[in-house]
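A.B. asks: using only what follows, build the 3D model:
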Amino acid sequence: MHTHEHPLVLKALLQGQPAPGPRWDAGGPVVPMGTRLQPSRVLQAGLDWGGGAGGGQGSLRVLGQGRGEGPGTARRGAAPPRSRAHSCLVPSGPPEPGSSTAASGAKEDPDPGLRPLQPTMPTDVEPSVLAKTLHLIFLSTFWGMQIWVTFISGFVMGGNLTRHTLGYIQSRLFPYYFHVGSLCSFFNLTIFAMCHPRELLSDEETTQLIVFFVCVIVSALNAQWFGQMTSDIMADMHLLEQSYGLGQDIGFFSRKSYTRLRESNPKYRQLSRQLNRYRLLSSLCNLGCLACNGFSLYHMATHLSTL
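C.D. replies: Numbering: from 1, shown residues only. Have a look, this model is predicted:
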């Protein structure tokens, strides 16, 4: 029977420190806890693998130690044997002739149950039909709303409705338009990011992800700030216009009466400047989202295998 020693125990004994705990062989503890060896006396520490007359039980022998300066072999007692599978990484003697380890020359795994976990790499998985369908619905919904509001409904209503009626409809319609667009862009970004792991992104996919992110930011700014400020300023201007009997004309072009009101009323002139500034910013955000969605549609079209 071989004695299995832990490297930390041998190191502590050689440095003259107390052993961290009792060590066991087939028959009992070899060195009890607290045994201290003097480094000056230790010339070599080894394990007596053969055993004595007690039936092959191992012992720890310190060579060069004088008589009476410490026990060479610890007291033995009954203890359960320690299995080889849970022993430490110190070899337990030469392999027996004819064993599989000796024949193959391979090192024995000290603990096959404790192996390092292999890192799992993400794989490029084909998106499901549901993800593709939702992505197409959100992208086409936002694109369709943009085309209708920007190039069709605005011109039609502006040429057939009065100034105040057009402003009232836009103040009620545009908040829904901006918020629905921002939600569609956010869902598009989420679906695309879930279907394309970051470690496997190509240059084209990275560009598409950035485009979706920019669309989310721009649409959120328009929904929460620029669009709302435009509607509030327009409502204040309409109140001043009503006090002067204006606002019932039809058409996009400003009449001379509004010009004279800006010159005579400082508050109306300030509101007019603010309205032009926020309307310009809102229009730029809307055109930016339109460009982002157009690029996304082009990216989707290039990856269609067939119609």
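
A.B. asks: ok so Leu240 is a helix residue?
C.D. replies: Yes. Secondary structure of Leu240 (DSSP: H, G, I helix; E, B strand; the rest coil): part of a helix.

A.B. asks: tell me which residues touch it, please.
C.D. replies: Leu240 sits next to Leu261, Asn265, Lys267, Tyr268, Leu271 when contact means CB atoms under 8 Å, 6 or more residues apart in numbering. No exception for glycine: its C-beta is placed from N, CA and C like everyone else's.

A.B. asks: the first one: neighbour count?
C.D. replies: Leu261 has 19 neighbours, counted by other CB atoms under 10 Å.

A.B. asks: that one and Tyr168, how far apart?
C.D. replies: 19 Å (CB to CB, to the nearest Å).

A.B. asks: isn't Arg279 up against Met229?
C.D. replies: No. Look at Arg279 against Met229 with CB atoms under 8 Å: they stay out of range, at 9.3 Å.

A.B. asks: top helix in the protein by residue count?
C.D. replies: helix 266-302 (DSSP state H).

A.B. asks: helices of this protein, start to end?
C.D. replies: 7-14, 100-104, 129-148, 154-158, 163-195, 203-221, 227-243, 256-264, 266-302.

A.B. asks: identify whichever of the ones you listed lies nearest to Asp249.
C.D. replies: helix 163-195 (5.8 Å; CB to CB).

A.B. asks: residues contacting Ser143?
C.D. replies: No Ser there; residue 143 is Trp. Counting by CB under 8 Å, 6+ apart, the residues that Trp143 touches are Leu290, Asn293, Gly294, Leu297.

A.B. asks: give me the neighbour count for the second one.
C.D. replies: Asn293 is surrounded by 26 other residues when neighbours are defined as other CB under 10 Å.

A.B. asks: contacting residues for it?
C.D. replies: Neighbours of Asn293 in contact, by CB under 8 Å, 6+ apart: Leu139, Phe142, Trp143, Gln146, Ser185, Cys215.

A.B. asks: now the third one
C.D. replies: When contacts are counted by CB under 8 Å, 6+ apart, Gly294 is found next to Trp143.

A.B. asks: low-confidence ranges, the protein, go.
C.D. replies: 1-125, 253-254 (pLDDT under 70).

A.B. asks: could you chop it up by domain?
C.D. replies: Taking automatic domain parsing as the domain assignment, the ranges for the chain are 1-43, 129-302.

A.B. asks: just the endpoints, please. Distance across the longest one?
C.D. replies: Okay, so that is domain 129-302. The first and last residues of domain 129-302 sit 18 Å apart, counting by CA to CA, to the nearest Å.

A.B. asks: now Leu173. Nearest residue, chain neighbours left out?
C.D. replies: Among residues not flanking Leu173 along the chain, Val149 sits closest, at 7.8 Å (CB to CB, 6 or more residues apart in numbering).

A.B. asks: from Glu205, how far off is that neighbour?
C.D. replies: Taken as CB to CB, the span from Val149 to Glu205 is 30 Å.

A.B. asks: equivalent analysis for His135, please.
C.D. replies: For His135, the distance to Glu205 - CB to CB - is 13 Å.

A.B. asks: of the two, which one has the most company?
C.D. replies: When neighbours are counted by other CB under 10 Å, His135 and Glu205 differ, and His135 comes out ahead with 19 against 15.

A.B. asks: what number of residues lie near the nearest residue to the more buried one once chain neighbours are set aside?
C.D. replies: In space, and not counting its chain neighbours, His135 is closest to Ile191: 4.8 Å by CB to CB, 6+ apart. Ile191 sits with 20 neighbouring residues when counted by other CB under 10 Å.

A.B. asks: equivalent analysis for Ile152, please.
C.D. replies: Applying other CB under 10 Å, I find that Ile152 has 10 neighbouring residues.

A.B. asks: same check on Gln242?
C.D. replies: The burial count for Gln242: 12, using other CB under 10 Å.

A.B. asks: Leu239 versus the residue lying closest to it once chain neighbours are set aside, what's the distance?
C.D. replies: Distances taken as CB to CB, 6+ apart put His164 closest to Gln242, at 7.4 Å, once the chain neighbours are dropped. Per CB to CB, His164 is found 10 Å from Leu239.

A.B. asks: these two: which is more packed in?
C.D. replies: Between His164 and Leu239, counted using other CB under 10 Å, the more crowded position is His164 (19 against 11).

A.B. asks: I'd guessed the more buried one sits against Gly247; true?
C.D. replies: Yes. Between His164 and Gly247 there is a contact at 4.0 Å, judged by CB under 8 Å.
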